[in-house]
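> can't give you the sequence, but here's the structure:
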């Protein structure tokens, strides 16, 4: 795993071993950041189900002001902290070890306002729609904010009831955008 572009371009990140983490493929990561383009610059980025932190670190590398990394696995949290240290982005990253809904409530209490919320949950997650609705109904997303979901092609039932602004397919992986 490596950072594709920006300040930390080419830096190798520590990869998960023995964890149930499915790192985002480089081509999907590149497509994602091509689609968000310059809106990443100076953005507050939230990386939910952060795993290794690779997406949030890519966001910082490409100019995000900061990133909040959320995962409920202590090994993932340790991996994120190591990768922030490798890239020297510790001062631009905040790491939260909590369930997604608890973390969002914590961020609301601290009056956090995110420009972009990215989530890459386990592909077999069944409560994805309720989690997305929880995010959209929270106060953490700026008025013109964007929610991006990376998900499996077999987990698209929720997209019917939520207003997508864009959706792209990369093999078995989908990127769905909501605002």
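Done, it's in. Predicted model, so just to flag it, every value in this text is computed and none were measured.
> Buried residues of the helix or strand of the chain with the lowest mean pLDDT, list them for me.
None of the helices or strands of the chain scores lower by mean pLDDT, DSSP states H and E than strand 164-170, at a mean of 86. Residues residue 170 are the ones in strand 164-170 that count as buried (16 or more other Cβ atoms under 10 Å). Glycine gets a C-beta too; all of them are placed from N, C-alpha and C.
> and the next element down the chain from that strand?
Of the helices and strands lying after strand 164-170 in sequence (DSSP states H and E), the nearest is strand 173-178.
> quick check: angle from that next one to strand 164-170?
Using axes from the mean of the first three to the mean of the last three Cα atoms, to 10 degrees, the interaxial angle of strand 173-178 with respect to strand 164-170 works out to 170 degrees.
> For residue 54, give me its contacts.
Contact analysis of residue 54 by Cβ atoms under 8 Å, 6 or more residues apart in numbering lists 1, 3, 13, 23-24, 29, 83.
> quick one on the thing from earlier: can you tell me the strand partners of the least confident helix or strand of the chain and which way each runs?
strand 173-178 (antiparallel) (DSSP bridges).
> Residue 111 - how many residues pack around it?
Residues near residue 111, counting by other Cβ atoms under 10 Å, number 8.
> before we move on, what about residue 117?
For residue 117, using other Cβ under 10 Å, the count is 27.
> Name whatever forms a beta bridge with the residue lying closest to it once chain neighbours are set aside.
Using Cβ to Cβ, 6 or more residues apart in numbering and skipping the chain neighbours, the partner closest in space to residue 117 is residue 46 (4.5 Å). Beta-bridge partners recorded for residue 46 (DSSP bridges): residue 68, residue 117.
> And the contacts of the least confident helix or strand of the chain?
25, 27-28, 31, 35, 153, 159, 174-179.
> go again using 7 Å as the cut-off
Identification of contacts with strand 164-170 by Cβ atoms under 7 Å, 6 or more residues apart in numbering yields 27-28, 31, 153, 159, 174-179.
> Reformat those residues as JSON lines; add pLDDT and distance to residue 119.
Shown next, in JSON lines, are the contacts of strand 164-170 (pLDDT from 0 to 100; distance: Cβ to Cβ, whole Å):
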{"residue": "27", "pLDDT": "87", "distance to residue 119": "19"}
{"residue": "28", "pLDDT": "89", "distance to residue 119": "14"}
{"residue": "31", "pLDDT": "91", "distance to residue 119": "17"}
{"residue": "153", "pLDDT": "78", "distance to residue 119": "17"}
{"residue": "159", "pLDDT": "60", "distance to residue 119": "14"}
{"residue": "174", "pLDDT": "87", "distance to residue 119": "12"}
{"residue": "175", "pLDDT": "92", "distance to residue 119": "11"}
{"residue": "176", "pLDDT": "90", "distance to residue 119": "10"}
{"residue": "177", "pLDDT": "92", "distance to residue 119": "12"}
{"residue": "178", "pLDDT": "88", "distance to residue 119": "11"}
{"residue": "179", "pLDDT": "79", "distance to residue 119": "14"}
